[in-house]
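K.L.:
Just need the structure, nothing else, for what follows:
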Amino acid sequence: MFYKDERLALFIDGSNLYAAAKALGFDIDYKLLRKEFMRRGKLLRAFYYTALLENDEYSPIRPLVDWLNYNGFTMVTKPAKEYTDSMGRRKVKGNMDIELAVNAMELAPHVDHIVLFSGDGDFRPLIESIQRQGVRVSVVSTIRSQPPMISDELRRQADNFIELDELKDVLGRPPREYNPEPSNTVAVED
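P.N.:
Residues are numbered from 1 along each chain as shown. Just a heads-up that it's a prediction; the model follows:
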């Protein structure tokens, strides 16, 4: 439930949202996403969080990051840490949970409703804290993938759960051939 006069902020866990949309067989059109939530209320901020592979000459996510930055999204990035595991596999570590949580806590006194695009159960205490400040929290993810992309605790804590699959016609587009999130090219660990 959204109200036209409420102040909204979006917090998008980039790799989590990408994985959920991919599991449902579509890509997110971020221009349509922003437009949809501007329609639902007074959108104050739309944050997008992702780790970047800085040492690669070309990062497949760089065009998306640049586009979002120029089109009304507040980009929060940090270099991903790359390493080789004991089996010799290339791994990338790029967790943005702390950055998202700090920004959400700072912005909570200035908004009426926060929309979190993530299914990560680690965000349950954050949602609980924001709710104690009188802010409503909606979570966008999916239970329709196998396995579900949202933790049960997170879904239960949210004031409102929005099934990503039900937004497919509003903000989806057919999937592209390339992978814009580095976490899905190689294994990402939190």
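
K.L.:
tell me the helices in the protein, going along the chain?
P.N.:
14-24, 30-40, 62-70, 97-107, 124-132, 152-157, 168-171 (DSSP state H).

K.L.:
Out of those, flag the one nearest Thr84.
P.N.:
Thr84 lies closest to helix 14-24 among the helices of the chain, at 20.3 Å (CB to CB). To be clear about C-beta, it is placed using only N, CA and C from the backbone, and glycine gets the same treatment.

K.L.:
Report the mean per-residue pLDDT for that closest one.
P.N.:
Averaging pLDDT along helix 14-24 yields 94.

K.L.:
got the contact list for Leu24?
P.N.:
By CB atoms under 8 Å, 6 or more residues apart in numbering, the contact set of Leu24 is 142, 144-145, 164-165, 168.

K.L.:
gap between it and His110?
P.N.:
Separation of Leu24 from His110 (CB to CB, to the nearest Å): 32 Å.

K.L.:
Check the burial of Ala21 by counting its neighbours.
P.N.:
By the measure other CB atoms under 10 Å, the count of residues near Ala21 is 25.

K.L.:
Just give the nearest non-adjacent residue to it, would you?
P.N.:
Counting by CB to CB, 6 or more residues apart in numbering, Ala21 lies nearest to Ile28, which is 5.2 Å off, once chain neighbours are set aside.

K.L.:
returning to what we had before: of all the helices of the chain, which one is nearest Glu6?
P.N.:
Shortest distance between Glu6 and the helices of the chain, using CB to CB, is found for helix 30-40: 8.6 Å.

K.L.:
Give the buried residues for the closest one.
P.N.:
Buried residues in helix 30-40, counted by 16 or more other CB atoms under 10 Å: 30, 33-34, 37, 40.
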